[in-house]
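In: generate coordinates for the sequence data below:
(chains A and B)
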Amino acid sequence: MAERISSLLRRSVEHLQDEVPDSYDLLVAKLGTMVVELDVDGEVFSLSVDDRLAVQDGATQTAGVRIVTSRITILDLLDARVGLGEAVEAGTVSVHGSLDNVQRAHDSLLAYVHAAVRASTQPGLLAELRTGAP
Amino acid sequence: MNATLVRNDFLRAPVQATARPAGFKEWHHFVVHARGVRLLINFSLNNETRLAPRVIVIAHDAKWTGAIERFDERALNVSADLGDLIIGDNRMTVLPDGYRVVIDLPDKDIRGELHFTSASRPFVVRNQPLGNGRINWLFVPRLRANGWLRACGREHRLEDDLAYHDHNWGRFRWGDDFGWTWGTILPTRAGDPWSMVFMQTTDRSRLHNLSQALYVWHHDEPAAIFRHAAVQTRSHGRLGRAPDGTLPPPMRLLLDGEVPGVPELIDITATRAGDRVHAEFHAHSYVRIAQPSEVSLDRSTVLCETGGTARASGTINDEDFDFVGTGVFEFLYG
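Out: Presented below is the predicted three-dimensional model:
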C-alpha cells in the first residue's frame, strides 16, 4: 500500500529542517500563522506552524486556504507536464481562500520547493510518491 | 597535440576540492553537432555541503529532451592518474587522442558509448572572474565523435560527426553576480577547416562585460584569438517560443512560463591586426537547465542550452572564408 501523502509531507518537512535549516526557516516565515488545509484524492490534512512545521491529519476549522488536488496532478507538476497556473486553470488544483491568503500560500509553496530542491533526501521521497500513483 | 591534451586535461577535484572545498566546481562538457541532431553530455561535480556528482544528457532532434541524474558522493570514483571520472555506471576517460564516454542511466532510459577523437589543439583559459570567484577552462574546439546514444526512445548513431569539448573547474557560487554567453560554432560541411568558440562573461544584469573572446581555429591550430575590445556583440530580438523543457523538471515550479528566454540572433564582429570575423548565430530552440542559487534562498540559476544555425565569414591570415554551420549557445542567468 502506498504511503499517505500526509506522511510523505511530514517526513519531507522534517528532513528540510535538518538538511536545509535556513530554507526551512524561510518557509516557516512565509507560512506564518496561516493554516493550509489540503485534500489529495480525499485524504484531508493540514500544514501549519506550531513551534515548527506540523502536518496534522484530518480537517481543520481554522484553515486560511483550502487546496484540493490529486496525487497524479502533483506528479504532473513535479514532472513539468503541466505548470501550476495551467493546473489551476484546468481545475486539477483548486484553491479557496481570501486573495491575501492565496498569495501567502503561493509564496509558501515556492519557499517549500526552493527548500526541497536544495535537499538531497527529497528525490527519494518523490520516488515514494510515485509508487502510489494510479 | 596529443601530448598537450593529456598534460592539461585531468581532474582537479581530488586535490583542489579537498584542500579548500567551499564553492569548488568542476565539469566535463561535450557537444555533438551531428547531422540533424545535437547531443550534450556533462559530468559534473558541485561542492554543496559535500561533493555532489551529476550526469546530464540532453539531445535535440525534433525537440530537446533529456535528464539530469544526481548521485550520492559514494558513487564517485576518480582514477589515481586523474584521467578517469566514474559516476555510478557512467564513465569519462581522458585518452591520449581524446575521450571515451560511457553513459548508463537505466532509470532515465539513456545509454550510450561515445569516442571523441581530438581534431584540434586544446586551449586553456585560467582565472576568469565569476562574481567573487574564479573559473578555469580548457576547450577542444573540434573533435570527431563516433558511437551511439539512446535517449528518450531514440537511438543516435555517430560516425565521424563534429563535436566540441570543454572542461571547467574553479571556485564560485551559482547565483553570484555574473552571467555568461558561451557558444560553439562548427561548419556543416565536414571538410571545412574552421572552428569557433565564443565566450562572454557579464555581471548578473548583463549591463557590463567582464570578459569576452572569440577563438578561431583553422584545421587543428589556433588561427586567431580576439579578446575584449576586439570583439563586438549585439543581441537581436527574443526567440518567440517557449523552452522545450526544464531540467530537472521540478524546477519548472520555480520558473514562470518562458523566462528568461534567449535572443533570436547573436551577431559577433571581431577585428584585430588585419584579421576580421563576422559570425551570426540564429537560435531555433532551447531547453532550460536550472539549479538553486547558492547565494539566495529564493532564487535560481538558469542555463538556456540553445541550438541553432550559424554563418561565419571573414579574413584571417590573408585567407578568406565563408561557411554555414551549426551552433550551440548557452545563456546563463544568475
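In: in chain A, where's the longest helix?
Out: Scanning chain A for the longest helix, with DSSP state H as the assignment, gives helix A:99-116.
In: which helices and strands sit right next to that one?
Out: The contact analysis (3 or more C-beta pairs under 8 Å, 6 or more residues apart in numbering or on different chains; DSSP states H and E) places helix A:99-116 against helix A:5-19, helix A:21-31, strand A:65-69, strand A:94-97. Heads up, the C-betas are built off the backbone N, CA and C, glycines and all.
In: which residue does chain A have closest to chain B?
Out: Of all residues in chain A, the one sitting closest to chain B is A:A80 (3.7 Å; C-beta to the nearest C-beta).
In: so where's the chain shaky on pLDDT?
Out: Assuming you mean chain A. For chain A, applying pLDDT under 70 flags no range at all.
In: my bad, chain B
Out: Filtered on pLDDT under 70, chain B yields the residue ranges B:1-4, B:6.
In: go again with 50.
Out: B:1 (pLDDT under 50).
In: helices along that one, start to end?
Out: Counting by DSSP H, the helices of chain B are B:2-8, B:13-19.
In: most tightly packed of these?
Out: Comparing those by mean neighbour count (mean count of other C-beta atoms under 10 Å in any protein chain shown), helix B:13-19 comes out on top with a mean of 15.
In: chain center to that helix: distance?
Out: A distance of 23 Å separates the C-alpha centroid of helix B:13-19 from that of its chain, computed with C-alpha atoms, centre = their mean, to the nearest Å.
In: for stretch B:239-254, same thing?
Out: From the chain centre to the centre of stretch B:239-254 is a distance of 19 Å (C-alpha atoms, centre = their mean).
In: spell out which parts of chain B neighbour chain A.
Out: Where chain B comes near chain A, counting by C-beta under 8 Å from any C-beta of the partner chain, the residues are B:48, B:52, B:70, B:72, B:245-246, B:248-254, B:257, B:291-292, B:297-298.
In: run the last query once more with 6 Å
Out: Proximity of chain B to chain A, by C-beta under 6 Å from any C-beta of the partner chain, involves residues B:246, B:249-250, B:252-254, B:292, B:297-298.
In: partners of B:P292 in the sheet?
Out: B:P292 has these beta-bridge partners by DSSP bridges: B:S300.
In: so it makes contact with A:A119?
Out: No. If you go by C-beta atoms under 6 Å, B:P292 and A:A119 don't touch, sitting 9.8 Å apart.
In: please say which of the two ends up with more neighbours.
Out: Neighbours per residue (other C-beta atoms under 10 Å in any protein chain shown) separate B:P292 from A:A119, with B:P292 holding more: 25 against 19.
In: what distance do you get for the more buried one to B:M251?
Out: Distance of B:P292 to B:M251, given as C-beta to C-beta, to the nearest Å: 8 Å.
In: buried stuff in stretch B:245-265?
Out: For stretch B:245-265, burial by neighbour count (16 or more other C-beta atoms under 10 Å in any protein chain shown) applies to B:245-255, B:260-264.
In: return the closest of these with respect to B:A224.
Out: B:P263 (24.4 Å; C-beta to C-beta).
In: pull the contacting residues for the closest one.
Out: If you count contacts by C-beta atoms under 6 Å, 6 or more residues apart in numbering or on different chains, B:P263 has them with B:S235.
In: how about the backbone phi and psi for it?
Out: Phi and psi for B:P263, reported as degrees, to the nearest 10, are phi -70, psi 150.
In: and it, how close does it get to B:R234?
Out: 9 Å.
In: now B:K63
Out: Relative to B:R234, B:K63 is positioned 28 Å away (C-beta to C-beta).
In: now B:L82
Out: B:L82 sits 41 Å away from B:R234, going by C-beta to C-beta.
In: and what of A:L84?
Out: With the distance defined as C-beta to C-beta, A:L84 ends up 36 Å from B:R234.
In: pull the longest strand from chain A.
Out: As assigned by DSSP state E, the longest strand anywhere in chain A is strand A:43-49.
In: isn't B:D244 right next to B:T65, touching?
Out: No. At 7.3 Å, B:D244 does not count as touching B:T65 under the criterion of C-beta under 6 Å.
In: identify the contacts common to these two.
Out: Counting by C-beta under 6 Å, 6+ apart, B:D244 and B:T65 have no common neighbour.
In: got the contact list for the closest residue to B:L210 other than its chain neighbours?
Out: Using C-beta to C-beta, 6 or more residues apart in numbering or on different chains and skipping the chain neighbours, the partner closest in space to B:L210 is B:T201 (4.4 Å). Residues near B:T201 by C-beta under 6 Å, 6+ apart: B:178, B:180, B:210-211.
In: in JSON lines, list the helices and strands packed on helix A:99-116 along with distance to B:L114.
Out: Shown next, in JSON lines, are these (distance: least, C-beta to C-beta, whole Å):
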{"stretch": "helix A:5-19", "distance to B:L114": "35"}
{"stretch": "helix A:21-31", "distance to B:L114": "38"}
{"stretch": "strand A:65-69", "distance to B:L114": "42"}
{"stretch": "strand A:94-97", "distance to B:L114": "47"}
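In: return the most buried member of these.
Out: When neighbours are counted by mean count of other C-beta under 10 Å, the highest per-stretch mean among the helices and strands packed on helix A:99-116 falls to strand A:65-69, a mean of 20.
In: can you pull up the bridge partners for residue 65?
Out: Because you didn't say which chain, this covers chain A. Beta bridges link A:V65 to A:V36, A:G97 when assigned by DSSP bridges.
In: not quite, I wanted chain B
Out: B:T65 has these beta-bridge partners by DSSP bridges: B:A59.
In: and it, how far is that from A:S12?
Out: 28 Å.
In: cool, thanks, signing off.
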